[in-house]
Structure formats: C-alpha cells, structure tokens
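Quick one, fold the following:
(one chain, ligands or ions: 1)
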Amino acid sequence: MSTEIKPDWVEEAWKQALEKTLHNSVRIGAGFPHASQGGRYVLEEPYWWTAGFWPGQLWLLFNESRNDTLRTLAEQCEERLDDVLNEYVRLDHDLGFMWTLTSVASYKLLGNEISKVRAMKAANFLAARFNLKGSFIRAWNPWFEGEDNRGYAIIDCAMNMPLLFWASEVSGDPRYRHIAESHMDTVVKHFIRPDGSVYHIVRFDSETGEFIEGIGGQGYAADSAWSRGTAWAIYGLTLAYHHTDKLEYLYAAQKVAHFFLARLPEDHVPHWDFRAPLEERDFRDSSAGACAASGLLLLADKVGELEAPVYREPATKILESLYRNYGTWGNDAEEGMILHGTSNYPAGQNIDVPLIYGDFFYVEGLARLKDKGPFYWE
Ligand code: GLY
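Okay, the predicted model is just below:
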C-alpha cells in the first residue's frame, strides 16, 4: 500500500471514467467489447480473450461507487462465461485474463461461492495446459486444420499466472503455484533478452521441451520490442514476485521496466513497437501504456522507499497523459475511453483505436493512485 500523496487530477479523472462507463453500460450491457470502430465498441463472442476486461472495469468502479447497475452487469457477464467454460473447446491460455477479472473479482469483493467454483474450474483447465518437459503453459490451440502451435508459449500469459497463484491460496494446494512458478521461471530464462526487451512468442519442442526460437508475433519482428508484450512482462513478473517473494522475478521486472521507460516518447505513451523501423513506428499503443502504468505502480510498492519514485513517477505521468491527451471525456460519440490503442499491427487489426484493455488498465491505474483495492490479480 502506498503512502504517496494522490495527484490532484486523479479524482476528476475517476469521476469522468465512472460517468463514461455508466453511459456506455446502457448500450453495451453485459456484452464483451474489444475495439471501438467508428465510435462504438464492437461486441465479441464470450470466448474471445478480452471478455474479462469490461466486467473487470465494472467491478473496479463498483468497488467505490457501490452502484448496483455496475454490479449486476458484471455478474451477468460472469454468468455468460459459463457456457464457454462448460463447452471447453474454445478455452486457451487466456483463462486467467477471463476469470480473474470476473469470478476472482466477484469472489474477492463479495465472497460469492459460485464465483470461487468457477474460478477454480478455470484454474484447473489452465494448469492442465502445462508442458512438463518445457515448463511452460501452452498458448492457443490449433485454430485451423494442420496448425501446429503445441510448442508455443507467449509473454502475455504471464498475466494469466495470478489465477494459479490465487487457486493455491484459496485451496491450500500448492500444485497451481508450482506450475505458475515453473512457467515464470521459463519466462525469465527464455523470454527476457539481455537488454530487457522481450519476445512475444517462444517456440519450444513440445516433446523434448528444448528452446527452438523466438517469434515476432504481434511485434514487428522476432528481435523487435512489442510494447504491449513489454508491459505484460513488467506487470506479470511483478505479480509473480508479489505472490512468491522470489527476487529473480523482481529483478527481471525491474530490468524490463527500465527498458520500457527509457524508450517512452515525450508524451509518455509508447509506440506500438519500440524497435519497428521509423517509417512503421508511427502508431501508439495506449493500452501498453495503461497496462505498464498499473504494473509499475505495483512495482513501486514492492521496492524500497528510495527506489519507489523510479517507477511511481513515470507511471503517474503515463496515466496523466492518457487522461489529458488521450481521453474522450465529454464526447458521447466515442464509447472508448482512451484513444490510440493498437491491437495487432502486423495483422492490420484494430490500429489506432480505443481498446477495452486500455480502458481497463487505465481505470485500474487510477484505482492504484487512489489506493482503492482490492486488485484482482493480487
Ligand atoms: N493477448 C493478446 C494481446 O495482447 O493482444
């Protein structure tokens, strides 16, 4: 918990976020927004990896406002995910993103037993994706005939590990934590490069577990530096340290954080890839900024008083810039809260648009500045 003084713009920013969310809740309801196109969030099927962010945002804002509309919609979203859990076939590594921000949130805030059972089921499916030889949680499934991604692991999955840490805490069974630690050990060993940049995808031999190669994925190239992947690493490693006290995770989080912070442009909001060639670097990814900011605020709480400002000050600057330069306050023609996110540049998908995870992490970052937990990943 931080003892820092809250910056004076934060309460106004929180009020605007609450107003915008209440306004959006009328049309979006218990839907699953991902990217805003032409001012309206496109609603995805419940199995899509982003399904947890809107309910997660509703829970963050409910936590202080106690507004029943927000709670009811978050609970309805969680119920809608039951079919995804029961049907099984669409589940992948993103069980953590989806059920941490719905069922774990509901259990932490309201103690709902049914939510605990849902999150435990999700944790069991997630744990079952562990490749014992390679010590990694497998990413994705073969989505088309002949696709072989059995040996793929991705940096994003660091953010799924809190579901396993949580499962061990509530069940008293250490197996989930063991798996999460093994996966995070693999992240430290194979994903983080000597300069603090990270691979998006690493391919292992799924039979022997041997490292084969790093792959560019949503970044510009294998050896470039996708900014959201860098943010996933900062936050995921910090959370792993939070849950285990293992200093390797703290040091790795700091190393990646220093890489990230040293490459921010003047307005503190990252380009989509820090190492894309200049002519392709134009677009920002505000969601990477928001996610990193929330992770950096947790990191600041984990280091001593002397070091805390190294992370807390830039995190606050990122959030303030998102509020002042990227926010859509008072503009009801745009549902997205934070402009200029980039979901997948190489695939040409959702470039320079608001993204629901940008909105979520922005609100979570504000909640951290307000010291208004609980935070569901912890
Ligand atoms: N987990 C996918 C992404 O960050 O876009």
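
Please make it C-alpha for all contacts and neighbour counts, starting now.
Will do.

what's the following helix or strand after the helix or strand hosting Ser106?
Using DSSP states H and E, Ser106 maps to helix 105-110. Of the helices and strands lying after helix 105-110 in sequence (DSSP H and E), the nearest is helix 113-127.

buried residues in that following helix?
Within helix 113-127, the residues that qualify as buried by neighbour count (16 or more other Cα atoms under 10 Å) are Ser115, Lys116, Arg118, Ala119, Met120, Lys121, Ala122, Ala123, Asn124, Phe125, Leu126, Ala127.

can you pull the buried residues of stretch 82-98?
For stretch 82-98, by 16+ other Cα under 10 Å, it's Val84, Leu85, Leu91, Asp92, His93, Asp94, Leu95, Gly96, Phe97, Met98.

residue boundaries of the strands in the stretch 251-378 of the chain?
Remark: strands assigned in the stretch 251-378 of the chain by DSSP state E, counting those that start in this stretch are 341-344, 349-353.

pLDDT weak spots in this structure?
1-3 (pLDDT under 70).

Pull the residues that contact the helix holding Ser106.
Gly56, Trp59, Asn63, Glu75, Asn112, Glu113, Ser115, Lys116, Pro374, Phe375, Tyr376 (Cα atoms under 8 Å, 6 or more residues apart in numbering).

same thing but 10 Å
55-56, 59-60, 62-63, 71, 74-75, 78, 99-100, 103-104, 111-119, 373-377 (Cα atoms under 10 Å, 6 or more residues apart in numbering).

Would you list the buried entries among those residues?
55-56, 59-60, 62-63, 71, 74-75, 78, 99-100, 103-104, 115-116, 118-119, 375-377.

Out of those, name the ones that lie in helices.
55-56, 59-60, 62-63, 71, 74-75, 78, 99, 115-116, 118-119 (DSSP state H).

Now for the closest residue to Asn63 other than its chain neighbours, how many residues are close by?
Leaving aside its sequence neighbours, Asn63 sits nearest to Leu109 (Cα to Cα, 6 or more residues apart in numbering; 7.6 Å). Neighbours of Leu109 under the rule other Cα atoms under 10 Å: 17.

what about Leu109, distance to Gly56?
Distance, Leu109 to Gly56, using Cα to Cα, to the nearest Å: 12 Å.

any residues in contact with both of the two?
Phe62, Ser103, Phe375, Tyr376.

what two of those are the furthest from one another?
Phe62 and Ser103 (14.7 Å; Cα to Cα).

Hmm, Glu335 is touching Lys20, no?
Yes. Counting by Cα atoms under 10 Å, Glu335 does reach Lys20; the two are 7.6 Å apart.

just to revisit the earlier point, among the strands of the stretch 251-378 of the chain, which comes closest to Lys6?
Once those are compared by Cα to Cα, strand 341-344 is nearest, at 26.3 Å.

which helices and strands does the closest one pack with?
strand 33-37, helix 227-244, helix 286-302, strand 349-353, helix 356-369 (3 or more Cα pairs under 10 Å, 6 or more residues apart in numbering; DSSP states H and E).

Can you give me the buried ones in it?
Gly341, Thr342, Ser343, Asn344.

re earlier: let me know the closest of the ones in helices among the buried ones among the contacts of helix 105-110 to Ala13.
Leu60 (13.9 Å).

Pretty sure that closest one sits against Asp371.
No. Applying Cα under 10 Å as the test, Leu60 and Asp371 come out as separate, 11.8 Å apart.

Mutual contacts of these two, please.
Contacts common to Leu60 and Asp371, judged by Cα under 10 Å, 6+ apart, are absent.

In helices, which of the buried residues of stretch 82-98 appear?
Filtering those for helices - DSSP H - leaves Val84, Leu85, Leu95, Gly96, Phe97, Met98.
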